[in-house]
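K.L.:
below are the sequence and a predicted model for it; my questions follow.
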Amino acid sequence: MANTGAIADPMHVETDVLIIGSGGAGMYAAIEAARAGCGVFLADRSLIGRGGATVMAQMTVAVALGEEVPDHWSHHYDDTLESGRGLCDERLARLLCEDGPDCIREMDAWGIGWARKDGHIAQAFAPGHDRPRCVYVDFLNTGPAVSKTLRGVVARTKAIRKAGDLLIVDLVRTGGEVSGAVALHLPSGAPVTIAAKATIVAAGGLTRLYRRNSASANMGGDGYALALRAGAPLVDMEFVQFFPIGHLAPRLIGMDPIMWDPFRYKLGGRLLNRDGEEFTARYGVSEDGRYVITRDVATYAIAKEVEAGRGSPHGGAFLSFQHCSEAELRAAFGPVIDRLAKNNIDLTRMPVEVAPIAHYHMGGVIADERMETELPGLLVAGEAVGGANGANRLSGNAITEALVFGRRAGRSAAERVKHTRRQAFEPTAARTALDLVARGGDRRDINTAAMILALQSTMADDVGPFRTEAKLARALEIIRDMTDALGARPPGSPMAFDLTRLEWFDLRNMLTVAQTVAAAALARTESRGAHQREDFPGMLPDWRLNHVARLGAGGVTLTSMLAATPAAAQ
Ligand SMILES: Cc1cc2nc3c(=O)[nH]c(=O)nc-3n(C[C@H](O)[C@H](O)[C@H](O)COP(=O)(O)OP(=O)(O)OC[C@H]3O[C@@H](n4cnc5c(N)ncnc54)[C@H](O)[C@@H]3O)c2cc1C
């Protein structure tokens, strides 16, 4: 590291490839770029490989290995397009399905330990797939195993330098190219500049925008905001996936709110309303104790039952495994049953209550099949990429997407590095962002924690699974007012750990991204997949369009482009 001599003497890092985010996508990208001969700087606002969704993922990794029954990537692709309700970017969906098997076998070679049955890799059935297609390590710990395996390879790869606790605040552009970034070292408050010949945004999703979510605190949409502010467009931002059976009641401590998904995979389970009726058939899917309903339909069905006064006491649905014996539950989940007992939950005697929670984002940065964005020097990977899953993601596609897109982004970044001789980074181009990080603010009146809670409530109440023009317009007004209240400069003093300052930077991103979600949702006057408009209930052929969002001086602007999927997928 060297000093640039500018504001507050920022630390300066030079690298071939900068990777922002060390989830599955970021780590795979780092490994791939390094083995192509590049120096890599892998930065994360949290601990390396432990900060985002990858390490939290539970079970399913969808891939057409054909180990359980014959399969081909084209069948996985067909299911992905169908689930995407006519909006998938077919190039990206194809890449996900076609390259998935290779990545999954490489993870196997790296020792992940995919579960095996009779000597072959086991593949489980998941809703929306036409055959058993999801590999797993075990039913609750697949994400931790993915993360640990990649962390191991990263640790063995000398060309990868790692920096945790480093919040990337803004990308730097030099002569129209992305040439690096400005960062904030969280424990010390110190500014850092990073010069890179290629930069990969692998910063994950945005579900922290919502009051009830399955996310970590690092998933406030930073990657989308970084790309937008640098000038790269986003797509499909209205499509936030709600996980229908997030735990609601009774109180559950030390366990994951989406843990009921593996239970449903293994044991079926019955979704019941207040009257004990298995209600999904009313919404077009008869489950009868099986798990076949897709996430968008289940979210819709539960919300409509609640609205009709048939919800569970806390405002969701009952999920019952009372048809299972203690022995069956123990055979399937062993120690998990003991952890449930510590929470006073005995599934043989009682149902639990579940309700939709924000879980994944289908929208994101527009990329081509090389994972390159419109901006030279900027690539994107993982959940930060928009379009592969259209209006609704299939179970298991997100981990595959992280691995496949990460590997492809690392490869493309390395190719760019080979043809880029000198660093384009100019310290003056970093000045505005550096100024935000390195200078103090004089405001004392701002309660950033309360603002985050208020934004999460607005998003949940007005930009949640069910939307109307009035709710969305109200949300946009609130977001505008909050943006004004946030102001242009962070409060507090630099060069110290300061939570209010950190939350200011988080809110700056969260408000920008919230605005794109709400604006795109307001503009889409139909219902499709994860986007349900109560005032426009049907899916309309004319709306087989993708919304493209850009950030201008006056805020977010939207344009439409024709979706690139076959009409048959509608
Ligand atoms: C509880 C849970 C369970 C899930 N289960 C499954 C499943 O079973 N199957 C499946 O396919 N999918 C599942 N998903 C979804 C899947 O895990 C994610 O879509 C996928 O892991 C995303 O990988 P990623 O590498 O793109 O992002 P992440 O793994 O989220 O990593 C992003 C990283 O970027 C870092 N970061 C963010 N902003 C910045 C910044 N400004 N500066 C520096 N670093 C930054 C974060 O700290 C984080 O480490 C689940 C998600 C959750 C939350």
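P.N.:
Ah, there it is.

K.L.:
name the single longest strand found in this protein.
P.N.:
Criterion DSSP state E: the longest strand present in the chain is strand 190-201.

K.L.:
from the chain's centroid, how far away is that strand?
P.N.:
Distance of strand 190-201 from the chain centroid (CA atoms, centre = their mean, to the nearest Å) equals 22 Å.

K.L.:
start and end of stretch 32-43, how far apart?
P.N.:
Its first and final residues considered, stretch 32-43 spans 16 Å by CA to CA, to the nearest Å.

K.L.:
need the residues that contact it.
P.N.:
13, 15-22, 26-27, 30, 48, 154, 157, 159-163, 166, 168, 183, 194, 196, 198, 200, 406-411, 413-415, 417-418 (CB atoms under 8 Å, 6 or more residues apart in numbering). Any C-beta I mention is one placed from the backbone N, CA and C, and that applies to glycine too.

K.L.:
below-threshold pLDDT in the stretch 201-350 of the chain: ranges please.
P.N.:
Counting by pLDDT under 70, the stretch 201-350 of the chain contains no low-confidence segment.

K.L.:
look up how far Gly386 lies from Val336.
P.N.:
According to CB to CB, to the nearest Å, Val336 stands 35 Å off from Gly386.

K.L.:
so between the two, which is more surrounded?
P.N.:
Using other CB atoms under 10 Å, the more surrounded residue of Val336 and Gly386 is Gly386, with 29 against 17.

K.L.:
nearest spatial neighbour of that one, chain-adjacent residues omitted?
P.N.:
Gly364 (3.2 Å; CB to CB, 6 or more residues apart in numbering).

K.L.:
beta partners for the one you found?
P.N.:
Beta-bridge pairing for Gly364 (DSSP bridges): Val235.

K.L.:
which residues touch it?
P.N.:
Gly364 touches 205, 223-224, 234-237, 380, 383-387, counting by CB under 8 Å, 6+ apart.

K.L.:
near the ligand, from the residues you listed?
P.N.:
383-384 (CB under 6 Å from any ligand atom).

K.L.:
so which of the contacts of Gly364 is the closest to Pro494?
P.N.:
Gly223 (23.9 Å; CB to CB).

K.L.:
and that closest one, which of the three is it?
P.N.:
helix (DSSP: H, G, I helix; E, B strand; the rest coil).

K.L.:
surely it touches Ala181?
P.N.:
No. The pair formed by Gly223 and Ala181 falls short of the contact definition of CB atoms under 8 Å, at 11.7 Å.

K.L.:
overlap in contacts, these two.
P.N.:
Common neighbours of Gly223 and Ala181 (CB under 8 Å, 6+ apart) are Ile20.

K.L.:
can you report how many residues neighbour Pro159?
P.N.:
Quick fix: residue 159 is Ala, not Pro. 17.

K.L.:
give me every residue that touches it.
P.N.:
Counting by CB under 8 Å, 6+ apart, Ala159 has contacts 34, 37-40.

K.L.:
and if we set it to 7 Å?
P.N.:
Ala159 sits next to 34, 38-40 when contact means CB atoms under 7 Å, 6 or more residues apart in numbering.

K.L.:
retrieve the pLDDT associated with it.
P.N.:
Ala159 carries a pLDDT value of 98.

K.L.:
grab the nearest non-local neighbour of it.
P.N.:
Per CB to CB, 6+ apart, closest to Ala159 is Ala34, 4.0 Å.

K.L.:
and the buried ones among the contacts of stretch 32-43, selectable in PyMOL?
P.N.:
Buried residues within the contacts of stretch 32-43, by 16 or more other CB atoms under 10 Å, are selected in PyMOL with:
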select buried, resi 13+15+16+17+18+19+20+21+22+26+27+30+48+154+157+159+160+162+163+166+168+183+194+196+198+200+406+407+408+409+410+411+413+414+415+417
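
K.L.:
kindly identify which of the contacts of stretch 32-43 also come near the ligand.
P.N.:
20-22, 26, 168.

K.L.:
closest one to Asp346 out of these, please.
P.N.:
Once CB to CB is applied, the member of these that ends up nearest Asp346 is Ser22, at 39.3 Å.

K.L.:
what sits closest to the closest one if chain neighbours are left out?
P.N.:
Asp44 (4.2 Å).

K.L.:
is it fair to say Ala367 lies in a helix?
P.N.:
No. Counting by three-state DSSP, Ala367 falls outside a helix, being coil.

K.L.:
what sits against it?
P.N.:
Ala367 neighbours (CB under 7 Å, 6+ apart): 373, 380, 385.

K.L.:
circling back: neighbour count: Gly223 and Ala181, which is higher?
P.N.:
More crowded of Gly223 and Ala181, by other CB under 10 Å: Gly223, with 31 against 28.

K.L.:
quick check: chain neighbours aside, which residue is closest to that one?
P.N.:
Gly223 sits nearest to Ala203 (CB to CB, 6+ apart), 3.2 Å away.

K.L.:
also Ala126?
P.N.:
Ser395 (4.0 Å).

K.L.:
look at the residue in the stretch 351-500 of the chain that the ligand sits nearest to and say how many residues are nearby.
P.N.:
With CB to the nearest ligand atom as the measure, Gly382 is the residue of the stretch 351-500 of the chain nearest to the ligand, at 2.2 Å. Residues contacting Gly382 under the criterion other CB under 10 Å number 34.

K.L.:
quick check: closest non-adjacent residue to it.
P.N.:
Ala25 (2.6 Å).

K.L.:
quick one: contacts for that neighbour?
P.N.:
Counted by CB under 7 Å, 6+ apart, Ala25 has contacts 202, 381-382, 402, 405-406.

K.L.:
that one and Lys266, how far apart?
P.N.:
28 Å.

K.L.:
in the helix or strand harbouring Glu503, what's buried?
P.N.:
Glu503 belongs to helix 499-523 when assigned by DSSP states H and E. Neighbour counts over helix 499-523 (16+ other CB under 10 Å) mark 500-522 as buried.

K.L.:
likewise stretch 279-289?
P.N.:
For stretch 279-289, burial by neighbour count (16+ other CB under 10 Å) applies to 279-280, 287.

K.L.:
measure that stretch end to end?
P.N.:
By CA to CA, one end of stretch 279-289 lies 11 Å from the other end.

K.L.:
how far away from the center of its chain is that stretch?
P.N.:
The answer for stretch 279-289 is 28 Å, by CA atoms, centre = their mean.

K.L.:
what's next to it, contact-wise?
P.N.:
Contacts for stretch 279-289 (CB under 7 Å, 6+ apart): 268, 270-271, 273, 278, 292-293, 297-298, 300-301, 304-305, 323.

K.L.:
which ones are touching the residue nearest in space to the middle of the chain?
P.N.:
Taking CA atoms, centre = their mean, the centroid of the chain lies closest to Gly205, which sits 3.0 Å from it. Contact partners of Gly205, counting by CB under 7 Å, 6+ apart, are 53, 219, 360-361, 383.

K.L.:
what does the stretch 101-250 of the chain put close to the ligand?
P.N.:
Residues of the stretch 101-250 of the chain lying near the ligand (CB under 6 Å from any ligand atom): 143, 167-168, 202-204, 214-215, 218-219, 222.

K.L.:
isn't Tyr265 up against Val292?
P.N.:
No. Between Tyr265 and Val292 there is no contact under CB atoms under 7 Å: 11.1 Å.

K.L.:
so His247 lies in a strand, does it not?
P.N.:
Yes. Assessed with three-state DSSP, His247 lies in a strand.

K.L.:
can you tell me how far the closest residue to it other than its chain neighbours is from Gly269?
P.N.:
Leaving aside its sequence neighbours, His247 sits nearest to Pro257 (CB to CB, 6+ apart; 4.5 Å). Noted for Pro257: a distance of 16 Å to Gly269, by CB to CB.
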